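J.: just coords:
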């Protein structure tokens, strides 16, 4: 499944896809050939899309669901995972 976004004048074309749970993008030239290969979006790039409520973010939410999209936006930065589980919440935050 993929999403293709084009500028009104046709100069910028980006194609997005979901591949095994990751979001990838590639830029296509206006001639229709594939310029660069697929590259994975970083969690920061995904967060930016979600924060700006872009068309891509809406498409991803429909395709992945909000929970999986949230996980993709966090990446390895799971803020709620605590290694020292015997500490209280107040001790972890401080």
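T.: Ah, there it is. Predicted model only: the values in this text are computed from it and were never measured. Numbering: from 1, shown residues only.
J.: a strand runs through residue 4, doesn't it?
T.: Yes: in this structure, residue 4 lies within a strand as judged by DSSP: H, G, I helix; E, B strand; the rest coil.
J.: Return the set of residues that bridge with the nearest residue to it once chain neighbours are set aside.
T.: Spatial nearest neighbour of residue 4, chain neighbours left out: residue 15 (4.8 Å); criterion: Cβ to Cβ, 6 or more residues apart in numbering. All C-beta atoms are positioned from the backbone trio N, CA, C, and that covers glycine. Beta bridges link residue 15 to residue 4, residue 26, judged by DSSP bridges.
J.: Model confidence score at residue 15, please.
T.: Residue 15 carries a pLDDT value of 94.
J.: mind listing what it touches?
T.: Residues in contact with residue 15 (Cβ atoms under 8 Å, 6 or more residues apart in numbering) are 2-5, 25-26, 28.
J.: what's the closest of those to residue 66?
T.: Within the contacts of residue 15, the smallest distance to residue 66 is 17.2 Å, found for residue 3 (Cβ to Cβ).
J.: measure the closest one to residue 59 for me?
T.: Residue 3 is 5 Å from residue 59, where distance means Cβ to Cβ, to the nearest Å.
J.: for residue 9, same thing?
T.: 22 Å.
J.: Ok, residue 69 next?
T.: Noted for residue 69: a distance of 10 Å to residue 59, by Cβ to Cβ.
J.: just to revisit the earlier point, so residue 9 and residue 59 - more neighbours on which side?
T.: residue 59 (18 against 7; other Cβ atoms under 10 Å).
J.: Just to be sure, that one is in a strand?
T.: No: judged by three-state DSSP, residue 59 forms no part of a strand; its state is helix.
J.: Does residue 71 belong to a helix, a strand or coil?
T.: With three-state DSSP as the criterion, residue 71 reads helix.
J.: how many neighbours does it have?
T.: For residue 71, using other Cβ under 10 Å, the count is 14.
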